[in-house]
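> Only the shape, not the letters, is given here:
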């Protein structure tokens, strides 16, 4: 009982700290960088669509910076398995993460009075029976060996979604129930969303190697699989809306597996676009189109999505950013994600040249910097300082560019 009281007291104290920071002038400054585009229910705090410079006080390009949860676990010394399995630990360490990021990363990411539930990238595949692998050394994940469609005939054995019992759904409901008893009245718990795009989920069910072979040997089967996943996501969304009693923005497409040359532009258009467009029409938009892979050659096809796309990632380390921006032609706002080589750079002349080169490409586009390409395996306070130094450099160079 005393242990329970201790963690409850810790959580209360952390909410008090976060609420004070939420009301701070610095947080008000950060909030105004985004205006109405703030989306408090996204699981990542930096996934925000930018607004044009003429609609905000600070004219430089907005910046968000972050690390993955395993980096934060190693830096702040908490158990990543407990974090993903115990709602009290999840809440305690999410609050500590929010406070630490706000105080140590001087970017434009604001604090919000929300507690989104996110159980890891294996959440969606788990709903179809894929095993979730936990480890103290990495985020929960799934593997090719855990694919549940070993042969094409196994497709017929995939169970229908049960919103309460499939995969990680019981844990998601437990988190939702417990967290709602622990948050202050002016905070909102956000029930888990479905973020992975159909192709990424299909890779989890079939394995990427087998799915790529299917695209060549049995394309009809791939379309059956993609249709099933897309319809299951729609059903998940309907059930989620019934649970929370309203609609929220829940239309992101996290799609790391969509990367060239893993799949060609033709394959993306044939096997991915129809289902992404179907979801766009279902939701009325795509909030965020994401891939850590190379997607420059997909841009012309992504633009065919028939409803608005809120923001798309462009990776400085593996995308042809100039080509992608030219192809976007201002139609879709974008993040420019900077990588390890840029963030760890100590020569200010090189940093200045890199950022100015990017700014000369972006011109007056609606875009932002996303500083998350440096994920140290065992982060220390020195790594925090590296991030802080780079964020401040980017801000300073951007401000000079617009004549502050």
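Ah, there it is. On a predicted model such as this, the values are computed, not experimentally measured, just so you know.
> how about residue 160, what does it touch?
The contact partners of residue 160, taken as Cβ atoms under 8 Å, 6 or more residues apart in numbering, are residue 232. Heads up, the C-betas are built off the backbone N, CA and C, glycines and all.
> All the strands of this protein, residue numbers only.
For the chain, applying DSSP state E gives strands covering 63-65, 114-116, 133-135, 138-141, 188-190, 253-254, 289-290, 312-315, 334-339, 367-373.
> Compare these and give me the one nearest residue 296.
Using Cβ to Cβ as the criterion, the shortest distance between residue 296 and the strands of the chain is 7.7 Å, found for strand 312-315.
> So what touches that closest one?
Judged by Cβ under 8 Å, 6+ apart, the contacts made with strand 312-315 from elsewhere in the structure are 288-292, 294-296, 299, 302, 321, 324-325, 328, 332-337, 339, 370, 373.
> okay if I get the strands of the chain as TSV plus distance to residue 156 and mean pLDDT?
Converted to TSV, these look like this (distance: least, Cβ to Cβ, whole Å; pLDDT from 0 to 100):
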stretch	distance to residue 156	mean pLDDT
strand 63-65	44	94
strand 114-116	35	93
strand 133-135	26	97
strand 138-141	27	95
strand 188-190	35	94
strand 253-254	27	94
strand 289-290	32	94
strand 312-315	36	94
strand 334-339	40	94
strand 367-373	40	93
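> For residue 232, find the nearest of those.
From those, taking Cβ to Cβ, the stretch that ends up closest is strand 253-254, at 15.0 Å.
> what does the closest one rub up against?
Counting by Cβ under 8 Å, 6+ apart, strand 253-254 makes contact with 121, 195-197, 200, 276, 279, 286, 288-291, all of which sit outside it.
> Same question for stretch 291-301.
254-262, 265, 268-269, 273, 302, 312-315, 318-321, 323-324, 327-328.
> If any of those are buried, put those into a PyMOL selection.
Applied in PyMOL, the following selects the buried portion of the contacts of stretch 291-301 according to 16 or more other Cβ atoms under 10 Å:
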select buried, resi 254+255+256+257+258+259+260+265+268+269+273+302+312+313+314+315+318+319+321+324+327+328
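> measure the residue lying closest to residue 76 once chain neighbours are set aside to residue 183 for me?
Nearest residue to residue 76, sequence neighbours excluded (Cβ to Cβ, 6 or more residues apart in numbering): residue 96, at 6.0 Å. Plainly put, residue 96 is 15 Å away from residue 183 if you go by Cβ to Cβ, to the nearest Å.
> I'd like to know the average pLDDT value across the biggest helix by length in the chain.
Of all the elements of type helix in the chain, the one with the most residues (DSSP state H) is helix 219-244. Regarding helix 219-244, the rounded mean pLDDT is 98.
> Would you enumerate the residues in contact with the residue nearest to residue 76?
Counting by Cβ under 8 Å, 6+ apart, residue 96 has contacts 14, 76, 78.
> So which of those residues sit within helices?
Applying DSSP H to those, the entries found in helices are 14, 76.
> would CSV of the contacts of residue 96 with pLDDT, distance to residue 116 and neighbour count be doable?
Output for the contacts of residue 96, formatted as CSV (pLDDT from 0 to 100; distance: Cβ to Cβ, whole Å; neighbours: other Cβ atoms under 10 Å):
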residue, pLDDT, distance to residue 116, neighbour count
14, 98, 16, 18
76, 97, 19, 12
78, 98, 18, 17
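> Quickly name whichever of the contacts of residue 96 is closest to residue 234.
Lowest distance from residue 234 to the contacts of residue 96 (Cβ to Cβ) belongs to residue 78, with 35.9 Å.
> burial of residue 326, as a residue count?
Around residue 326 sit 12 other residues, with neighbours defined as other Cβ atoms under 10 Å.
> Report pLDDT for the closest residue in space to residue 154 that isn't next to it in sequence.
Using Cβ to Cβ, 6+ apart and skipping the chain neighbours, the partner closest in space to residue 154 is residue 148 (6.6 Å). Residue 148 is assigned a pLDDT of 97 by the prediction.
> wait, doesn't residue 148 sit right on residue 158?
Yes. Residue 148 sits in contact with residue 158 when judged by Cβ atoms under 8 Å, with a separation of 6.8 Å.
> Need the residues touching each of the two.
What both residue 148 and residue 158 touch, as defined by Cβ under 8 Å, 6+ apart, is the set 128-129, 205.
> list the contacts for residue 35?
By Cβ under 8 Å, 6+ apart, the contact list for residue 35 reads 51, 55-56.
> Of the residues you listed - the most surrounded one?
With neighbours defined as other Cβ under 10 Å, the most crowded of these is residue 51; it has 19 neighbours.
> Assess the claim that that one and residue 366 are in contact.
Yes. With contact defined as Cβ under 8 Å, residue 51 reaches residue 366; the gap is 7.1 Å.
> Just give me the neighbour total for residue 276.
Using other Cβ under 10 Å, residue 276 has 25 neighbouring residues.
> swap that for residue 208, sorry
Here the neighbour count serves as a burial measure; for residue 208 (other Cβ under 10 Å) it reads 17.
> Not counting sequence-adjacent ones, nearest residue to it?
Using Cβ to Cβ, 6+ apart and skipping the chain neighbours, the partner closest in space to residue 208 is residue 257 (6.3 Å).
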